[in-house]
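[1] Sequence first, predicted coordinates after that:
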Amino acid sequence: MTEPIIEFKDFSFKYNSQAEPTLKNINLKINKGEKILLAGPSGSGKSTIGRCLNGLIPNIDQGEVKGKCLVNGKDITSTSLFDFSFTTSTILQDADSQFIGLTVGEDIAFALENDCQPKDKMHQTVNQWANELKIKELLTQSPQSLSGGQKQIVALAGVLVDESPILLFDEPLANLDPASGLKTMAIIDKIQKELNATVIIIEHRVEEVLSQLIDRIILVNEGTIVADQPTNQLLHSNTLEKIGVREPLYLKALTAADVNLSSIKEVDQISTLPVSEKISDKLAAWTKQAKITKKEVDNLPLLKLDHVGHQYSKNQPYPLKDVSTTINQGDFISIVGQNGAGKTTLCRTICGFISNEGKITLKDQNLSDLSIKERAEKIGYVMQDPNQMISQKMIFDEIALGLRLRNVDEETIKQKVDQTLKICGLYPFRHWPISALSFGQKKRVTIAAILVLEPEIIILDEPTAGQDWKTYTEIMSFLKHLNTMGKTIIIITHDMHLMLEYTSRSLAFAKGKLIADTTPIELLTNQALIKEASLKRTSLYDLAKHYNLPDPNKFVQAYINFEQQNWKDEDYE
Ligand SMILES: Nc1ncnc2c1ncn2[C@@H]1O[C@H](COP(=O)(O)OP(=O)(O)OP(=O)(O)O)[C@@H](O)[C@H]1O
Ligand SMILES: Nc1ncnc2c1ncn2[C@@H]1O[C@H](COP(=O)(O)OP(=O)(O)OP(=O)(O)O)[C@@H](O)[C@H]1O
């Protein structure tokens, strides 16, 4: 019988700063060479389980331990961090906190220095992985100057060079472009097979993780394990949906089209679904009944970009070059494209945080005539992490801050803030401290703090990255509501289904250039653009192809219609 490499026995853990235990009575065995997906809603305790496996608990995050947790045969309460460094390699959720080297190359080599490898061998290993992950040109760059997705890939390289028996990935895909996400999963699969490593992946993007075979899915909810089953068995239950984890889209579509999933043994990969006329007919009939409606857009020009470009330093290639386009009033735009393509750089340029080589006009006013503060009143920028934006303790004060800085009188502030709180569905919480809010609610507060200044445009940088299904839906239905009220919204995203379902126009970027400005569906029907911008078609399209449906795009649209019918028109007033 295989010996478990990880074993939790009646294990509970309470952080010192918490009143209640975060992990409650965990019983879990993971065998050598297994490939596990650990999923569950935000705050359920997934990363806390991960921290037990790499020794951060109890070495750094201290607290009260009950029961036992054995990793590679050693009790975590008597194992030093140094010893853990030979057992577990981790890619942390927050890649930024993981970098130690001055350059990317140094950083990747750090794990090897720990293993006292000779310099030549070290260079060879670093170069081999840099080639494999296509980050060779980044080796001399400082980790801090990388784009979000580039940081994630560099952190991944650091884990892969290490060759530890346990590889722990905490949200490895959160900031990756769709093509890199798939590639990362393939690389994890390859290394797992080569080393017979035990792989544990913590992810909200279940569908992408399942692009490779996964042995078992473990679901965590409120600090306990609520399911621990082989992948197919779990996908046949509706436990994912029940605890608020997003089910793979193609499975939802099959169910919506009345295909009986319980009659299909293996549902974890589209390619192995049985091709039968009965299923094809059901999917085709379901597509046929869908009514496709098109959103009317006025095309009233609002923001004009004319040869916009930026260069961080002279000897670096242009991260953004020659971008020209017009954003219209009421547009809901997605900005998509490969990691490092210049998406964030473009938005920073529009907001005036960095210089611009071209010209940007808002309703014929040249933005370079305005200060950053004045621009912020017209174009609001919502950063990915609300915690980086929030500076006040109370919700009301956070939303009022921008107006106070502009010396608006308190009576007007109260009136404007109350009105914004109502629009954002935050009015009942107005006297709450921000610390008591969920991530999704905090995000709403940061959007409200921007909205109160009545900007013409709101730009959001990956608003749903790393969010669970509930928060994702909460954020997106709120943005949809704002757009319906006439706000122009631009979001940077790597989520292709989000782009299709919510946005009506996509700007695709590759290597600093705007390579397409079209509808999301058109974008995803163009194979050359998909490749150039590192995008991917959604699993709905793949399913339609698998069943040979005559019009895969109409099938995707039918599914979007179906989801939109289920949108609850939340009461924001
Ligand atoms: N260092 C810490 N000190 C005190 N409490 C913590 C600490 N880290 C996490 N917690 C608490 O433990 C709970 C579980 O957090 P954890 O990060 O394990 O959740 P998660 O399932 O990984 O969530 P997410 O998907 O949002 O990353 C949270 O409610 C959090 O407040
Ligand atoms: N402060 C900086 N100094 C030097 N180079 C930078 C800096 N910030 C970004 N870059 C480089 O500019 C390029 C574009 O980065 P940007 O953050 O705009 O990409 P992105 O499209 O938003 O990527 P991602 O999808 O990974 O977030 C990248 O090659 C990055 O390494």
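    Received the coordinates, thanks. Ligands and ions are numbered 1, 2, ... in the order given.

[2] give me every residue that touches the spatially closest residue to R444 that is not a sequence neighbour.
    Closest residue to R444 apart from its sequence neighbours, by C-beta to C-beta, 6 or more residues apart in numbering: C424 at 5.2 Å. Every residue, glycine included, has its C-beta placed from N, CA and C. By C-beta atoms under 8 Å, 6 or more residues apart in numbering, the contact list for C424 reads R444, V445, I447, A448, L451, F478, Y572.

[3] tell me the domain ranges of the protein?
    With automatic domain parsing as the criterion, the domains of the chain are listed as 1-87+164-174+197-247, 89-163, 253-289+537-573, 301-533.

[4] Tabulate those domains (a markdown table), appending distance to ligand 2 and mean pLDDT.
    Listed next are those as a markdown table, based on distance: least, C-beta to the nearest ligand atom, whole Å; pLDDT from 0 to 100:
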| stretch | distance to ligand 2 | mean pLDDT |
| --- | --- | --- |
| domain 1-87+164-174+197-247 | 11 | 92 |
| domain 89-163 | 3 | 82 |
| domain 253-289+537-573 | 18 | 88 |
| domain 301-533 | 3 | 91 |
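
[5] Looking at those, which is nearest to M185?
    domain 1-87+164-174+197-247 (4.8 Å; C-beta to C-beta).

[6] so what strands line up beside the strand ranked longest in the chain?
    If you go by DSSP state E, the chain has its longest strand at strand 4-15. Take DSSP bridges as the rule and strand 4-15 pairs in its sheet with strand 23-31 (antiparallel), strand 63-71 (antiparallel).

[7] Show me the one of those strands that comes nearest E132.
    Checking the strands paired with strand 4-15 against E132 by C-beta to C-beta gives strand 23-31 as the closest, at 26.5 Å.

[8] hang on, the earlier thing: columns distance to ligand 1 on top of the domains of the chain, output as TSV?
    As requested, the domains of the chain are exported to TSV (distance: least, C-beta to the nearest ligand atom, whole Å):
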stretch	distance to ligand 1
domain 1-87+164-174+197-247	3
domain 89-163	6
domain 253-289+537-573	22
domain 301-533	6
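
[9] Take these and lay them out in a markdown table including distance to T184.
    Shown next, in a markdown table, are those (distance: least, C-beta to C-beta, whole Å):
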| stretch | distance to T184 |
| --- | --- |
| domain 1-87+164-174+197-247 | 6 |
| domain 89-163 | 6 |
| domain 253-289+537-573 | 17 |
| domain 301-533 | 11 |
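
[10] one step back: which residues in the longest strand of the chain does the neighbour count mark as buried?
    For strand 4-15, the neighbour count (16 or more other C-beta atoms under 10 Å) marks P4, I5, I6, E7, F8, F11, S12, F13, K14, Y15 as buried.

[11] mind saving the C-alpha coords of that strand as CSV?
    C-alpha atoms of strand 4-15 as CSV (Å, rounded to 0.1, in the frame of the first residue of the first chain):
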residue,chain,number,x,y,z
PRO,A,4,0.8,9.0,2.6
ILE,A,5,3.3,11.8,2.2
ILE,A,6,0.9,14.2,3.8
GLU,A,7,-1.4,13.3,6.7
PHE,A,8,-3.8,15.4,8.8
LYS,A,9,-5.3,13.6,11.8
ASP,A,10,-8.1,15.4,13.7
PHE,A,11,-6.2,18.6,12.9
SER,A,12,-7.4,22.0,14.0
PHE,A,13,-5.6,25.3,13.8
LYS,A,14,-6.4,28.7,15.3
TYR,A,15,-4.3,31.7,14.4
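
[12] In three-state terms, label the residue nearest in space to the middle of the chain for me.
    Nearest residue to the geometric centre of the chain (C-alpha atoms, centre = their mean): A465, 2.4 Å. With DSSP: H, G, I helix; E, B strand; the rest coil as the basis, A465 sits in coil.

[13] from what I can see it touches N175, true?
    Yes. Between A465 and N175 there is a contact at 5.8 Å, judged by C-beta atoms under 8 Å.

[14] Could you check the longest helix along the chain against ligand 2 for contacts?
    Ranked by number of residues, the top helix in the chain under DSSP state H is helix 178-195. No. Using C-beta under 6 Å from any ligand atom, we find that helix 178-195 stays clear of ligand 2, coming within 8.7 Å at best.

[15] And the average pLDDT for that helix is what?
    What helix 178-195 shows for mean pLDDT is 89.

[16] other SSEs contacting whatever helix or strand comes next after that helix?
    On the C-terminal side of helix 178-195, the closest following helix or strand by DSSP states H and E is strand 198-202. Applying 3 or more C-beta pairs under 8 Å, 6 or more residues apart in numbering; DSSP states H and E, we find strand 198-202 packed against strand 4-15, strand 23-31, strand 35-39, helix 46-53, strand 166-170, helix 178-195.
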